[in-house]
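A.B. asks: Provided below are the primary sequence and the corresponding predicted coordinates.
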Amino acid sequence: MHIILGLLGTIVTILVLLNRLAEAGIDLGGLNPYLWQRRRKWKQQYQGNPLYRLQSPVDSTAVLMVAAAKADGDVAREEKSALLSLFETEFNLAKNNAARLLISSAHLLDDGTELRASVSKFLAPSRDRFTEEQARCANGH
């Protein structure tokens, strides 16, 4: 009987100490590796560059087209109108949707240093969604 009372006293003491630590702001839940991994994944997803999370081939292609237009500096008015007409004809977008796509692509691209650093990393999320014909055109065949 004295062993059971000693064991119960130890359990209560540990629970009281854990409660005191939690009240003091020390959380031992942070030592959980699964919780740490889940927090890290969410942090990377929401604090990372959204350029590397584009999953639509249309969005990825639009960013690449804007990057090509910005290669020699800022995009001129003629280049913008050419991009808008390409977005309307090739992507079958309405005029206002094409303008939104151009604006969002330019915003995501920013100055282009992130895209130049790793084009393959940029295309990785959307690579599987391209059709065979699109992949062949991209390879030049």
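C.D. replies: Done, it's in. Residues are numbered from 1 along each chain as shown.
A.B. asks: just give me how far the helix ranked longest in the chain sits from the chain centre.
C.D. replies: With residue count as the measure and DSSP state H as the assignment, the chain has helix 2-23 as its longest helix. The gap between where helix 2-23 is centred and where its chain is centred comes out at 45 Å by Cα atoms, centre = their mean, to the nearest Å.
A.B. asks: what is the mean pLDDT for that helix?
C.D. replies: Computed over helix 2-23, the mean pLDDT rounds to 91.
A.B. asks: and for Lys70, the neighbour number?
C.D. replies: Counted with other Cβ atoms under 10 Å, the neighbours of Lys70 add up to 18. (Glycine included, C-beta is placed from N, CA and C.)
A.B. asks: go on, the one 4 residues further on?
C.D. replies: Asp74: 8 surrounding residues under other Cβ under 10 Å.
A.B. asks: contact partners for it?
C.D. replies: For Asp74, no contacting residues are found, by Cβ atoms under 8 Å, 6 or more residues apart in numbering.
A.B. asks: for it, phi and psi?
C.D. replies: Here the main-chain torsion angles of Asp74 (degrees, to the nearest 10) amount to phi -70, psi 160.
A.B. asks: could you measure from it over to Gly112?
C.D. replies: Distance from Asp74 to Gly112, counting by Cβ to Cβ, to the nearest Å: 11 Å.
A.B. asks: same deal with Ala22?
C.D. replies: Note on Ala22: its distance to Gly112, by Cβ to Cβ, is 48 Å.
A.B. asks: so between those two, which is more surrounded?
C.D. replies: Gly112 (15 against 12).
A.B. asks: tell me the contacts of that one?
C.D. replies: With contact taken as Cβ under 8 Å, 6+ apart, Gly112 is in contact with Ala67, Lys70, Ala71.
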